[in-house]
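> Fold the following.
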Amino acid sequence: MSSTEPAGRPVDHLRRDPVLRGLIAITLVGCVLFVLFSGNPARQTQIFWIFQVPLDAALAVGGWRLRRIAHERYRRFWSMIAFAGASFTVGDAYHSLSILIFPAEPSLNGNLVQTICFTVGMSSNVIACLIFPQGLRTGREKFIFWLDAATVLVGGGVVAWCFAFNPIGGSPNDRLTASVTAALVLVATFSATKVALIKDPPMARMAAWPMVCAAMVQGVSTVLPGHFQTLDHAYVYVIRLLPSLLIAVGPWIQIIVLRAGDARYTAKRRPYSLLPYGMILVTFVVFFMMLPMSASSQLVGATIGVVVITCLVAGRQLVAFHDNMNLIDRLDVALGELRDQALFDGLTGLANRTHFSAETVRLLDAESTLLLIDLDDFKTINDTMGHAAGDALLITVASRLRGALRETDLVSRLGGDEFAVLLPHTTGADADLIVSGMLGALAEPIMLLQHTVVTRASVGVTTAYPGDDPSTLLSTADIAMYEAKRRGKGMSVSYTDEMGFRISAEAVLIREMTRAIDENEFVLVYQPIVRLSDGTISGVEALIRWNHPTRGLVSPIEFIPVAERTGQIVDIGRWALREACRQAAAWIGEFPGRTPIYVGVNVAGRQLRDPNLVADVSAALAASGLPADALLIEVTETAVLDDEQSHATMEALRDLGLRLALDDFGTAASSLGLLLTCPVNSLKLDRSFVESITTVSRQAAVATAVSQMAAALEFASVAEGIETEEQRDLLHRLGYQYGQGYLYSRPVPPARISAMRAAELISA
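Numbers count the residues shown, from 1 in each chain. Sure thing, here's the model as predicted:
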C-alpha cells in the first residue's frame, strides 16, 4: 500500500510543533513583563527590544531552512526572506545592546543602525514578494488578480490617507513618520497579498496570512489615536510586538505544511477571495469615522443607503459563489470517482498498472526491489469453481498482500491474477525476508464456497534503480517469475543477466521462426512404425526439423516449446500437416498395388484449441487426395487433460475418419480416467518405459498393464524407443502390435522411406 497521503493534517502538527510553541511562549513572557513593569517605560522599552531579537532570528532561520527543503523555484524567495530576518536580527540586537549599555529616552523608534537594518530587511521582503512570478496564464486569471489586488491597494490607500494625513488625536508633527510608515506598510501589504492570492504561491495560505496580518497590524498600530501613541500602557508594547511574532511564525508554519505532505497542493482552494470584500468593509468603517459630527441627515442617510446596497449586492454575489462551490464540490466527487476508476483496480482497490507505473517513477529515488507475483493454477479455480470464486480469491489475496507488506510499499494488481509490488529503499536480505513472509501469508488456506483452497504464487524479483523505466522493470521481473514457475512454482526467483541473455536469444529465435515459415526452412523427416510380428512398415511418424540457414538442422527440442508459448506452433503445425499429407499421398502413388502406409502427425495442445484445426485437416486431406484413414493425429495426454475444447476437437477429427493416438502414454497423472473420455483408437507407450524393460521389473509391469488395457479397449498398441532385439521380442510377447525406434531406423528423409518400402517389396 502506497504511503502517498500526508501523515496528518497540518493543523494537527501546528499544535505540537516545539518552535511555534516556543515563539508564542516568548511573546507571552514579554507581554507578562510589560504588565509587571507598567509605569516604567524605560524598562518596558528595553524588554520590547530584547524580545524582538529571538523573533527576528526565528524568521531568519525559518527562511533559511525553507530555502533548503522547498521546491527549487521558491529558493530565491526564501533566501530573501531569510536575509530580511537576518537584517532585522542585526538591527534589533544592536539597538538592544545600545539601550542596555547606554540607557536613553524611552522610545519604540530605533536608532540609525536599527532603522537602516529595518529598511533593508523590509525592502528585501517586499522585493521578494513583488518579483515572485504570478503563475497566471490566461488573461482572465490576470484580470481577476489585478482587480482583487487593486481593491486591496485602494482600500489600504484610503486608510493611509485618512490616518496619515489626518491622524485622529495626533499632532501635525507626527504626519511625516505616519506617512512614511503607512506607505511602507501599504506596499508590504500589497506584496504579501499578492503571495496570498496568486495561483501557485511559495507558501500555503495558512502560512501567508500571519505575515499579511503582520503588515496590517504594523500599519494600524502606527496610526492609532490617543493613548496608543504613548508609552504609558502595557497594551501599546503588546500591539507593537505582535507583528514580529506574526511574521516569524509564517515560515515555520510553511515548514510544517511541507512535512505534512505539502497541503498547499492538495487542500481545496476557493474559486474566489474574501480579501477584497474585507477591504471594502474597512473602507466603509474609515469612511464613517471620517464623517463630521455635523453631517446632515441627508448625507448620513445616503451614506447608509450606499453601504447597505453595496453589502446586499456583495452578499448576493457571495451566495452565488457558494452555490457555484456546491456544484464544484459535486463535480469534484464525480471526478474523484472517475480518478479512482482510472488509477485503482475496481475489484481489489489496489493501484492499477497505470497508477503503479506513475508511482514507481515517483518513489524510485534510491535502490529498491520490484516484485511480480503470479498466482499458480488460478485458471483451474476459475474454471472449476466459477468466476465469483475467482474474484473472491483475488480479493483475499489483495488483502493478504496489504497485511504482509509495509505502509511504505506500493502494491498493485496489473490484471488477471498478476500483482506487482515495489519495496522502496529495500534490497538484499531485507527484501528476501519480506518476500518470504508474503509467500507464507498467501499459502495459508482460504475458504471458497465451503471449499478449502491453498494458494501458491510464483514471484519474480528484480532490483530497481532511480531512473529505471517501470515497463522494463516489469519485464525483467516477468522473466524471473516465469523462471520460478519453471523451477516448480510456489517460490521466488531473482532476475539475473543470464536469464536476460536466454530471453534475448529466445526473442531472436521467435523472429527467426516467423521468417522460417515464410522461407520454407522447415523440413519433415519420418521414422518408420513397424509391425512387430514380421517387421514390415505399417506407418511413419512425421517429425519436424528446422533447416536453419546458418545453424544447420535445429532440433525441435529447441524451438517447439517456444513455438507453443508464442502460438507460432499453429502456423508451423498447419504447414507440417499439409506436407505430411502430401508426402503420404505421394507414397501411395509410388506403390499403387500395396497396402498404403499411414502417416502420424503430432498436434500440440495449442493447436487442439485452435478453432480452425478441423478445417485445416480437411483442407490438407482434400488438397493431397490422401484418404482420411491414412492420417493419424498424435496428441499427448497433457494436451487433452480436462480441456473441453480439446475433447470437442478430437471428436470432430474422429468424425472425419482419422486415426487418433495418445502419444507418450503413461507420463501424465490421469491416464486411466482419460481413456474413458478421449476418443482415441491407439496408445503409444512412452520410451521411458521401454529403455530398461528387460532389466527393470517395474517397467515391464507398466508395459504389460498398458498392453492389456489397449487390448481390452480394442486400441492398437505401439511401443516407442525400441533399440534392441531383446526389447522387441519382450514387447511382442507382452502383446504390443507395433513398434518404432533406432532398432528399425532413425528419422530419415522421405526418399529413404521409399527405398525401405521398395526393399520390402523385393524381399517379399
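
> only C-alpha atoms for contact and neighbour calcs from this point on.
Noted.

> Pull the residues that contact stretch 242-256.
By Cα atoms under 8 Å, 6 or more residues apart in numbering, the list of residues contacting stretch 242-256 from outside reads 10, 13-14, 19-20, 23-24, 27, 52, 55-56, 58-59, 62-63, 66, 203-204, 206-211, 213-215, 217-218.

> which secondary element of this structure has the worst mean pLDDT?
helix 263-266 (a mean of 40; mean pLDDT, DSSP states H and E).

> Which residue, neighbours along the chain excluded, lies closest to residue 57?
residue 89 (5.6 Å; Cα to Cα, 6 or more residues apart in numbering).

> confidence score at that neighbour?
Among the per-residue scores, residue 89 holds a pLDDT of 92.

> May I have the secondary structure class of it?
When classified by DSSP: H, G, I helix; E, B strand; the rest coil, residue 89 comes out as helix.

> give me the number of residues near it?
Residue 89 has 25 neighbours, counted by other Cα atoms under 10 Å.

> Against which helices or strands is the lengthiest helix in the chain packed?
Longest helix of the chain, by residue count under DSSP state H: helix 297-343. Helices and strands touching helix 297-343, by 3 or more Cα pairs under 8 Å, 6 or more residues apart in numbering; DSSP states H and E, are helix 353-363.

> quick one, the helix it packs on and helix 297-343 angle?
Interaxial angle of helix 353-363 relative to helix 297-343 (axes from the mean of the first three to the mean of the last three Cα atoms, to 10 degrees): 110 degrees.

> what's the angle from the helix or strand following helix 353-363 to helix 353-363?
Using DSSP states H and E, the helix or strand that follows helix 353-363 towards the C-terminus is strand 368-375. Here the directions of strand 368-375 and helix 353-363 differ by 160 degrees (the same axes, to 10 degrees).

> For residue 405, what are phi and psi?
Main-chain dihedrals, residue 405, degrees, to the nearest 10: phi -110, psi 170.

> My error: substitute residue 533 in the last question.
According to degrees, to the nearest 10, residue 533 has phi -70, psi -40.

> what about the helices in the stretch 51-200 of the chain?
75-101, 112-131, 139-165, 175-197 (DSSP state H, counting those that start in this stretch).

> now the shortest one: how far from the chain's centre is it?
By that I understand helix 112-131. Offset of helix 112-131 from its chain centre (Cα atoms, centre = their mean, to the nearest Å): 47 Å.

> who's in contact with stretch 499-516?
Surrounding stretch 499-516, the residues in contact under the criterion Cα under 8 Å, 6+ apart are 476, 479, 480, 522, 548, 559, 562, 563, 566, 568.

> Please repeat the previous calculation with a cut-off of 7 Å.
Stretch 499-516 is contacted from outside by residue 522, using Cα atoms under 7 Å, 6 or more residues apart in numbering.

> Could you report the pLDDT at residue 202?
Looking at residue 202, its pLDDT is 77.

> dump the residue contacts of it.
residue 74.

> In three-state terms, label it for me.
Once three-state DSSP is applied, residue 202 turns out coil.

> what is the mean pLDDT for the longest helix of the chain?
Helix 297-343 comes out at a mean pLDDT of 73.

> measure the spatially most central residue of the chain to residue 644 for me?
For the chain, residue 356 is the residue whose C-alpha lies nearest the centre (Cα atoms, centre = their mean; 1.0 Å). Taking Cα to Cα, to the nearest Å as the measure, residue 356 falls 37 Å from residue 644.

> low pLDDT regions in the stretch 501-650 of the chain?
640-643 (pLDDT under 70).

> Is residue 44 in contact with residue 35, as I believe?
No. When contacts are counted by Cα atoms under 7 Å, residue 44 is not listed as touching residue 35 (8.8 Å).

> who has more neighbours, the two?
Shown here are residue 44 and residue 35; by other Cα under 10 Å, residue 44 has more neighbours (27 against 16).

> Now for residue 564: which residues touch it?
Applying Cα under 7 Å, 6+ apart, the residues contacting residue 564 are residue 606.

> does it sit in a helix or strand, and which one?
Assessed by DSSP H and E, residue 564 sits inside helix 556-566.

> Please point out which parts of that helix sit buried.
559, 560, 562, 563, 564 (16 or more other Cα atoms under 10 Å).

> From residue 606, how far out is the last one?
Relative to residue 606, residue 564 is positioned 6 Å away (Cα to Cα).

> per-stretch mean pLDDT over the helices of the stretch 51-200 of the chain, give me the minimum one.
Taking the mean pLDDT of the helices of the stretch 51-200 of the chain, helix 175-197 comes last: a mean of 56.

> Could you export stretch 701-721 as PDB, CA atoms only?
What follows is stretch 701-721, C-alpha atoms only, in PDB (Å, rounded to 0.1, in the frame of the first residue of the first chain):
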ATOM      1  CA  ALA A 701       4.900 -54.400 -15.200                       C
ATOM      2  CA  VAL A 702       3.800 -51.000 -16.500                       C
ATOM      3  CA  ALA A 703       4.300 -52.000 -20.100                       C
ATOM      4  CA  THR A 704       2.300 -55.200 -19.500                       C
ATOM      5  CA  ALA A 705      -0.600 -53.200 -18.000                       C
ATOM      6  CA  VAL A 706      -0.700 -50.700 -20.900                       C
ATOM      7  CA  SER A 707      -0.800 -53.600 -23.400                       C
ATOM      8  CA  GLN A 708      -3.600 -55.300 -21.600                       C
ATOM      9  CA  MET A 709      -5.600 -52.100 -21.300                       C
ATOM     10  CA  ALA A 710      -5.100 -51.400 -25.000                       C
ATOM     11  CA  ALA A 711      -6.300 -54.900 -25.900                       C
ATOM     12  CA  ALA A 712      -9.300 -54.700 -23.600                       C
ATOM     13  CA  LEU A 713     -10.300 -51.300 -25.100                       C
ATOM     14  CA  GLU A 714      -9.600 -52.600 -28.700                       C
ATOM     15  CA  PHE A 715      -6.900 -50.000 -29.100                       C
ATOM     16  CA  ALA A 716      -3.900 -50.500 -31.300                       C
ATOM     17  CA  SER A 717      -0.700 -50.500 -29.200                       C
ATOM     18  CA  VAL A 718       2.700 -49.000 -30.200                       C
ATOM     19  CA  ALA A 719       5.900 -49.200 -28.200                       C
ATOM     20  CA  GLU A 720       8.300 -46.300 -28.800                       C
ATOM     21  CA  GLY A 721      12.100 -46.300 -28.300                       C
END
